[in-house]
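A.B. asks: Predicted model and sequence follow; I will ask about them next.
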Amino acid sequence: MAPLQARGAARKLQAMETKTTIDRLSGFVGKTVTLSGWVYNTRASGKIAFLIVRDGTGLCQCVVEKSDETTGFFDEVRKLPQESSLEVTGLVSVDERAVGGYEVKVVDVRVVQTAQDFPITPKPHGIDFLMGHRHLWFRSQRQWHIMRIRATVIDEIRRYYNDNGYILVDTPIFAPAAGEGAQTLFQVDYFGDPVYLAQTGQLYVEAACMSHRKVYCFGPTFRAEKSKTRRHLTEFWMIEPEIAYASLDDVLDVAEDFICSVVQRVLRDHRDELVDLGRDIDALEAIKKPFYRMTYSEAAELLHSSKAVELLDNDLTQKTAEISELGKKIEELEAVAKGGGKQWKKDKAAAEVIEARELRAELEEQLRNIPTHKKLAAEFKWGADLGGSDETIISRLHERPVFVTHYPKYIKAFYMREDRDDDRVVENFDLLAPEGVGEIIGGSAREEDYDRLLARIQHDGLPQADYEWYLDLRRYGSVPHGGFGLGIERTVAWICGIKHLREAIAYPRMRGKFYP
Ligand code: 4AD
Ligand code: MG
């Protein structure tokens, strides 16, 4: 890089120009601006270099032509490593073909730091490698989109409840007792006493709704999930509204209205990003009231029906065909990779082989599981909890979300209200998102009757002393009430069309995974 003094002309220019960000370039067409960011990508020939710069607000193509004006930095810039940080000054023009729709014709560049070899390159990497580099991985476009959509989902959640008369109540993370079943508790030493990381804020917002009528809590929750699945994290965020004088139907109405407003907001603010993520927009547009409502018993019937069998048989045929197609494609690509063509073409083919093989392995696993899922559905017995594959079947058979209500009492949490017409079931619900996503919300009417609640606490062998404060709510002005919990990561994954929750949170925590 030429010393600063040697670039006096550009310096003077810089004094007059404006600093801005890529998302504001539309207001600077025909003007000279300075952007500050990082090198996303470079492409250079003898006399011209294209820098794709990202600045946190977007991507912009910056063009450096070799000329008297740029000789001071042209050679350095064309070789700048990916993710080097820099400031670029140049003239803004509209360019429909360029990423983001604008181009900057560069007159000056100031490198802030020349990056070392960035570990994440445009070629495919294994997921373990990417997860181990999560702190760098989320600079990539796909992750950047997902994180922005997550921020909007959370913003809309807060807006929805604040605008509809709910009071935010923050609930504790150190909890003296289980809220959702003892198997998934994380125990912490609290000055010699055992306490647990909160699995839910629900019991605490129940108390608060007796003070404010409509309340919500929103925070991180913890579950020691022993198995690693694509739907489970050990640390996830949950929004939990709770409403006094509400019936199960009232709660379902709130959940439905709330989900529609979150989906509408993301469609409004992030349509292009959803397209970039490859999301099927029509499927999101279909998220309208009314959602389907069926009981657990009806869901069990659906699992036994010919519809379920057909769905899985179709999968079998389709996936077999896809795998054989992929096999052919892999052979072709391998031939290119090993052939005598240009090196870059061979490299590209080799990278695509890795990707295609990963996809094929995934499809083969899905194919192997189909007979099991078929059997589980066909042999589903009333009284069992719906498994992941059962939820997937029900959710795929509906284009809009499905409320499944009235589950068998003893597979559900102690606080759920016993159905007064059928004491085998409780007034609860799960909301299953469509396209095979499965449960994103769990909720219920709460047992408001002191005797029934106490009987259930005793039946479940819970330490009564830990729940005395909770029983107080049934001693002093108990009323029907209810609420639910929505998992943020599952919602973001559904809306973005991500298969695995680990991409729906900045720093995912799973069994065996807590770095970085
Ligand atoms: O169904 P869950 O366990 O319900 C409760 O915790 C209730 N106390 C909520 C309430 O009524 N206030 O969890 C609610 C939601 C699930 O539907 C799911 O979206 C998410 O929380 N969730 C998880 N998300 C990621 N990883 C996990 N291990 C999750 N467990 C639950
Ligand atoms: Mg649940």
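C.D. replies: Noted; the coordinates are in hand. Ligands and ions are numbered 1, 2, ... in the order given.

A.B. asks: Can you pull the residues of the stretch 201-350 of the chain lying near ligand 1?
C.D. replies: Contacts of the stretch 201-350 of the chain with ligand 1, taken as CB under 6 Å from any ligand atom, map to Q202, R223, E225, H232, L233, F236, M238, E240. All C-beta spots, glycine's among them, are computed from the backbone N, C-alpha and C.

A.B. asks: Make a markdown table from the residues you listed and add secondary structure to it.
C.D. replies: Output for those, formatted as a markdown table (DSSP: H, G, I helix; E, B strand; the rest coil):
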| residue | secondary structure |
| --- | --- |
| Q202 | helix |
| R223 | coil |
| E225 | coil |
| H232 | coil |
| L233 | coil |
| F236 | strand |
| M238 | strand |
| E240 | strand |
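
A.B. asks: quick one: which of those is nearest A465?
C.D. replies: Q202 (19.5 Å; CB to CB).

A.B. asks: tally of neighbours for that closest one?
C.D. replies: 26 (other CB atoms under 10 Å).

A.B. asks: Distance-wise, check it relative to F138.
C.D. replies: For Q202, the distance to F138 (CB to CB, to the nearest Å) stands at 31 Å.

A.B. asks: next one: V169
C.D. replies: Distance of V169 to F138, given as CB to CB: 31 Å.

A.B. asks: Any idea what the residue nearest to Q113 when sequence neighbours are not counted is bridged to?
C.D. replies: Excluding the flanking residues, the one nearest Q113 by CB to CB, 6 or more residues apart in numbering is S85, at 4.9 Å. Counting by DSSP bridges, S85 is bridged to W38, Q113.

A.B. asks: mind listing what S85 touches?
C.D. replies: S36, G37, W38, V39, V111, V112, Q113, A115 (CB atoms under 8 Å, 6 or more residues apart in numbering).

A.B. asks: likewise R213?
C.D. replies: For R213, counting by CB under 8 Å, 6+ apart, the contacting residues are I243, A244, Y245.

A.B. asks: closest to G90 among these?
C.D. replies: I243 (55.4 Å).

A.B. asks: Tell me, how many residues neighbour the closest one?
C.D. replies: Neighbour number of I243 under other CB under 10 Å is 21.

A.B. asks: The one 3 residues further on now?
C.D. replies: For A246, the tally of surrounding residues (other CB under 10 Å) stands at 23.

A.B. asks: Could you find the closest non-adjacent residue to R509?
C.D. replies: E235 (4.1 Å).

A.B. asks: I'd like to know the beta-bridge partner residues of that neighbour.
C.D. replies: F222.

A.B. asks: how far away is M416 from D276?
C.D. replies: 41 Å.

A.B. asks: my bad, K374
C.D. replies: 36 Å.

A.B. asks: A151 now?
C.D. replies: In terms of CB to CB, A151 sits 16 Å off from D276.

A.B. asks: can you check I22 too?
C.D. replies: 15 Å.

A.B. asks: any weak-confidence spans in the stretch 1-150 of the chain?
C.D. replies: 1-17 (pLDDT under 70).

A.B. asks: Tell me where it has strands.
C.D. replies: When assigned using DSSP state E, counting those that start in this stretch, the strands of the stretch 1-150 of the chain occupy the ranges 18-19, 32-44, 48-54, 59-65, 85-94, 102-113.

A.B. asks: residues from this protein in reach of ligand 1?
C.D. replies: By CB under 6 Å from any ligand atom, the residues of the chain that approach ligand 1 are 179-180, 200, 202, 223, 225, 232-233, 236, 238, 240, 439-443, 483-485, 487, 489-490, 501.

A.B. asks: Could you look up the SS state of Y507?
C.D. replies: Recorded secondary structure, Y507: coil (three-state DSSP).

A.B. asks: Now it. Nearest residue, chain neighbours left out?
C.D. replies: Nearest to Y507 is R134, by CB to CB, 6+ apart, at 6.2 Å.

A.B. asks: show me the biggest helix of this protein in terms of residues.
C.D. replies: Determined from DSSP state H, the single longest helix within the chain is helix 343-378.

A.B. asks: Quick check: what element follows that helix along the chain?
C.D. replies: helix 388-396 (DSSP states H and E).

A.B. asks: so what strands line up beside the following helix or strand past that following helix?
C.D. replies: Moving toward the C-terminus from helix 388-396, the next helix or strand (DSSP H and E) is strand 402-405. Looking at strand 402-405 with DSSP bridges, its partner strands are strand 292-295 (parallel), strand 428-433 (antiparallel).

A.B. asks: Nearest to the middle of this protein, which residue? Look it up for me.
C.D. replies: In the chain, the residue lying closest to the centroid (CA atoms, centre = their mean) is A504, at 2.7 Å.

A.B. asks: Is V266 in contact with I495, as I believe?
C.D. replies: Yes. Contact criterion CB atoms under 8 Å: V266 and I495 qualify, at 5.5 Å.

A.B. asks: Please enumerate the shared neighbours of these two.
C.D. replies: Going by CB under 8 Å, 6+ apart, residues that sit against V266 and also against I495 are I149, V153, L274, L284.
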